[in-house]
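Undergrad: Attaching a predicted model along with its sequence, questions to come.
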Amino acid sequence: MIMLAKVVSYGGNSVRYALEKENAKTVKVNNMPDGLDPTAIWYMMKHHCQYHQAERTVGRKLERFMTTFVLSPSKEESANFTMEDWANLQDEALRVLDSVGLMPNGSSNVIKTNFTNSMNVGGLHSDSMSGTLHLHIDCCRVDMEGKTNDVHDIHLRAMKAAEIINMRHGWEQPQEIRNMRKAELAEDCEHILTDMQQFNIDRYFNLLRMKGYEVKPRYDKQRKLVGYTVGKNASVFKASEIGRKFMASKIEDTWNKLHPQPTQVKTKPVSPSVASTPRPVRPIVQTPTASQPKAQPQLAQTAFTINIGDGVKKVWIPNSVKDVFTNEVQIPEDNDIATTENVAHVAMLLFAGYIDAATSMSESCGGGGSAPSSGWGKKDDEDDWKFAHRCAQMAHSMCKPKPRSRSFHR
């Protein structure tokens, strides 16, 4: 079993993802009433943290109110698990996590956490391709006694907790699982490159996604690919971890080595000899038949259907900038209603020139609805990639909630 941990700033989105993702099931709610929806759970945690924040007299202001954990046992380890078993695993993971003592840099004392006595909720997810189950646990940073849970090196604390749980149950250790998954990923990458008749990095990424992997490319300001990560079942690898030959700077050379070009055999020139001039033959132009299908051109755009409340807009986005909308947009920090998809759709509508539709959609997902200034559109000296980034930035601004107006009283 692998256990991942991180502190999140967008707690509302994290709870909604844990409990409302497709086919997600709520496993257990601790230290909160049953029957609460994700938004109510997040507001309860946030209010609890802010209430005890007012009592703090030392230390920095608490800004991130939630810690999220992902427990990912293998298919064999979680075989025949019931919902009660998953609930027990949730409680056991938090108890073991609290038992792990760490000594942060600059501290002379061993510090432990108290997530067991903190508000927490578990949601069970199923991988769309492999069907492997994994458990998401969202925990409040402040326990029920008003003390803040330490999150220094929280990933190390989670790794140590996973090792203890694996030893108890006789399961494989995280490093063994990670090495096994890395070997499987390297095999899949090489198999995909071998089957590709022409090198195309976007097609390579799409074929990995079709195998159930989550791919996140990274580009520089000149839209040049500088790296990418591939993840599956809570294991995420940089390209260099999979193998140096799969790095962004070397992957095309790897494809060329897998597809060597036939070498041309040089022949010695034949000495000229006198021969009768052959009668010229008229070339016959072959017409395509049913056995010789015409090559179908690949689409350079992807269509997105966007619901805007009173209708539907179909937007075509160039594949060269699609990742800007699907992977790079962010939700404004104060917006607890919008999803990443909402912000991406607002940006797409701006890219396609549907200003009114983008404004309406930003209002429907909690934004202030501020429309771009007159004359919005793609500039003459602006390419698609720069314009897509400008649309993403404008969508982020439009989805920010309206600031509360302050009234003055005598």
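TA: Structure received. The structure presented is a predicted model; accordingly, all values stated were derived computationally and were not measured.

Undergrad: centre of the chain versus the longest helix seen in the chain, how much separation?
TA: If you go by DSSP state H, the chain has its longest helix at helix 174-195. Relative to its parent chain, helix 174-195 has a centroid offset of 19 Å by C-alpha atoms, centre = their mean, to the nearest Å.

Undergrad: The stretch 251-400 of the chain: helices as residue ranges?
TA: 251-258, 322-327, 340-352, 355-364, 384-398 (DSSP state H, counting those that start in this stretch).

Undergrad: cool, and the stretch 1-150 of the chain?
TA: Under DSSP H, counting those that start in this stretch, the stretch 1-150 of the chain gives helices at 11-20, 38-53, 83-99.

Undergrad: contacting residues for residue 242?
TA: 182, 185, 186, 189, 230 (C-beta atoms under 8 Å, 6 or more residues apart in numbering). Just so you know, the C-beta spots here come from the backbone N, C-alpha and C atoms, and that holds for glycine as well.

Undergrad: circling back to that earlier point, ok, then the element right after the longest helix of the chain?
TA: Using DSSP states H and E, the next helix or strand after helix 174-195 towards the C-terminus is helix 201-210.

Undergrad: tell me the average confidence for that next one?
TA: Averaged over helix 201-210, pLDDT sits at 90.

Undergrad: how far off helix 251-258 does it point, in degrees?
TA: 80 degrees (axes from the mean of the first three to the mean of the last three C-alpha atoms, to 10 degrees).

Undergrad: what's the offset of the helix or strand just after helix 201-210 from the middle of its chain?
TA: On the C-terminal side of helix 201-210, the nearest following helix or strand under DSSP H and E is strand 214-219. From the chain centre to the centre of strand 214-219 is a distance of 9 Å (C-alpha atoms, centre = their mean).

Undergrad: export strand 214-219 as CSV, just CAs?
TA: Output of strand 214-219 as CSV, limited to C-alpha atoms (Å, rounded to 0.1, in the frame of the first residue of the first chain):
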residue,chain,number,x,y,z
GLU,A,214,-2.5,10.9,-16.2
VAL,A,215,0.0,12.9,-18.2
LYS,A,216,1.0,16.5,-17.3
PRO,A,217,3.4,18.2,-19.8
ARG,A,218,5.4,21.3,-18.8
TYR,A,219,6.2,24.1,-21.3
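
Undergrad: Now do the helix or strand following it: which elements does it pack against?
TA: Heading C-terminal from strand 214-219, the first helix or strand you meet, by DSSP H and E, is strand 225-232. Here strand 225-232 touches helix 174-195, helix 201-210, strand 214-219, strand 235-238, helix 239-242, going by 3 or more C-beta pairs under 8 Å, 6 or more residues apart in numbering; DSSP states H and E.

Undergrad: Identify whichever of those lies nearest to residue 22.
TA: Closest of the helices and strands packed on strand 225-232 to residue 22 is strand 214-219, at 15.0 Å (criterion: C-beta to C-beta).

Undergrad: if we can go back for a sec, and among the helices of the stretch 1-150 of the chain, the most buried is which?
TA: helix 11-20 (a mean of 22; mean count of other C-beta atoms under 10 Å).

Undergrad: now the angle from that one to helix 340-352?
TA: 110 degrees.

Undergrad: Just the C-alphas of helix 11-20, formatted as PDB.
TA: Output of helix 11-20 as PDB, limited to C-alpha atoms (Å, rounded to 0.1, in the frame of the first residue of the first chain):
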ATOM      1  CA  GLY A  11     -10.100  22.700   0.700                       C
ATOM      2  CA  GLY A  12     -13.600  23.000  -0.700                       C
ATOM      3  CA  ASN A  13     -12.400  21.600  -4.100                       C
ATOM      4  CA  SER A  14     -10.600  18.800  -2.300                       C
ATOM      5  CA  VAL A  15     -13.700  17.700  -0.400                       C
ATOM      6  CA  ARG A  16     -15.900  17.900  -3.500                       C
ATOM      7  CA  TYR A  17     -13.500  15.900  -5.400                       C
ATOM      8  CA  ALA A  18     -13.200  13.200  -2.700                       C
ATOM      9  CA  LEU A  19     -17.000  12.800  -2.300                       C
ATOM     10  CA  GLU A  20     -18.600  13.900  -5.600                       C
END
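
Undergrad: angle of that helix against helix 38-53?
TA: Using the same axes, to 10 degrees: helix 11-20 against helix 38-53 is 140 degrees.
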